[in-house]
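**Student:** kindly generate the corresponding structure for this input.
(one chain, ligands or ions: 2)
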Amino acid sequence: MRIVLDGLAKAISKTLGLEENYIEKAFNLKSGFDVMSMNLYPANSRTKGPFGFPQHTDPGFVIALTQDVDGGLQILSHQGKWINCHIPHHAILIQLGDQLEVLTNGKYKSHIHRVTVDNNKIERISVVTLHGPSLHKVISPGKEFVDDEHPKKYHEITYKESLEGNGLFGPIDLHSSIAQLRLPKV
Ligand SMILES: O=C(O)CCC(=O)C(=O)O
Ligand SMILES: [Fe+2]
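**Tutor:** Ligands and ions are numbered 1, 2, ... in the order given. Okay, here's the model as predicted:
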């Protein structure tokens, strides 16, 4: 996974028109903090409502998701529509995380997603690894993404502080984590 991460960091830096080590340096990825979340959605379980996971964004740089059976994950499009996400068998879905949105001052978005359990006839398991910056790295919008037309949109805090705000080191807060990083609109 480290090799894939390195490749993604280089490729995404280049798509931003920046030198290939830009993201690696900004996040200090070599000492990056990774978290794994394993989710089990039992069959026909609506006891807690239609969602196995309410809408949220994920912290980190990129997030890798694998599942045993397809179906359930939904992603909110920029037009506000929920899209069913179908992942080919044996494929890994790569999602963008909150800290990439902060670093790029909103150019790349950490998308809102949720999991429905409305129609699941069989059990589903997903394994999600969140690959983040070094815990003590202060993450803020890069100077390359800030100018008079694009004022700074996000707070400047360490990755650890933002995870604490999410409740990762306390009770888990499933609500959108990017919201707490946004500066109030001026
Ligand atoms: O189970 C899924 O498809 C997604 C789970 C998820 O969003 C998460 O663990 O953050
Ligand atoms: Fe998630």
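
**Student:** does ligand 1 have contacts with stretch 81-91?
**Tutor:** No - remark: stretch 81-91 sits outside contact range of ligand 1, by C-beta under 6 Å from any ligand atom, the gap being at least 7.7 Å. C-beta coordinates here come from the backbone N, C-alpha and C atoms, glycine included.

**Student:** next, the buried residues of that stretch.
**Tutor:** residue 85 (16 or more other C-beta atoms under 10 Å).

**Student:** likewise stretch 135-145?
**Tutor:** 137, 139, 140, 141, 142, 145.

**Student:** which regions of the chain sit below the pLDDT cut-off?
**Tutor:** Residue ranges of the chain with pLDDT under 70: 46-48, 119, 167-176, 186.

**Student:** recalculate using a threshold of 50.
**Tutor:** Within the chain, the segments meeting pLDDT under 50 span 174.

**Student:** near residue 67, how many other residues are there?
**Tutor:** 21 (other C-beta atoms under 10 Å).

**Student:** can you tell me how far it sits from ligand 1?
**Tutor:** 6 Å (C-beta to the nearest ligand atom, to the nearest Å).

**Student:** same question, residue 4
**Tutor:** According to C-beta to the nearest ligand atom, residue 4 stands 18 Å off from ligand 1.

**Student:** for that residue, which residues are in contact?
**Tutor:** residue 64 (C-beta atoms under 8 Å, 6 or more residues apart in numbering).

**Student:** how far does the helix or strand in which it is found sit from the chain's center?
**Tutor:** In this structure, residue 4 sits in helix 2-15 according to DSSP states H and E. Taking the mean of its C-alpha atoms, helix 2-15 sits 16 Å from the chain's own mean (C-alpha atoms, centre = their mean, to the nearest Å).

**Student:** got the buried residues for that helix?
**Tutor:** Of the residues in helix 2-15, 5, 6, 8, 9, 10, 12, 13 count as buried by neighbour count, 16+ other C-beta under 10 Å.

**Student:** what's the answer for stretch 114-130, then?
**Tutor:** Within stretch 114-130, the residues that qualify as buried are 114, 115, 116, 117, 120, 124, 126, 128, 129, 130, counting by 16+ other C-beta under 10 Å.

**Student:** next one: phi and psi at residue 36?
**Tutor:** The phi and psi values for residue 36, taken as degrees, to the nearest 10, are phi -110, psi 140.

**Student:** tell me the spacing between it and ligand 1.
**Tutor:** Going from residue 36 to ligand 1 by C-beta to the nearest ligand atom gives 9 Å.

**Student:** burial count for that residue?
**Tutor:** Using other C-beta under 10 Å, residue 36 has 9 neighbouring residues.

**Student:** which residues touch it?
**Tutor:** Each residue near residue 36 by C-beta under 8 Å, 6+ apart is listed here: 127, 128, 129, 130.

**Student:** swap in residue 83?
**Tutor:** Per C-beta under 8 Å, 6+ apart, neighbours of residue 83: 74, 75, 76, 77.
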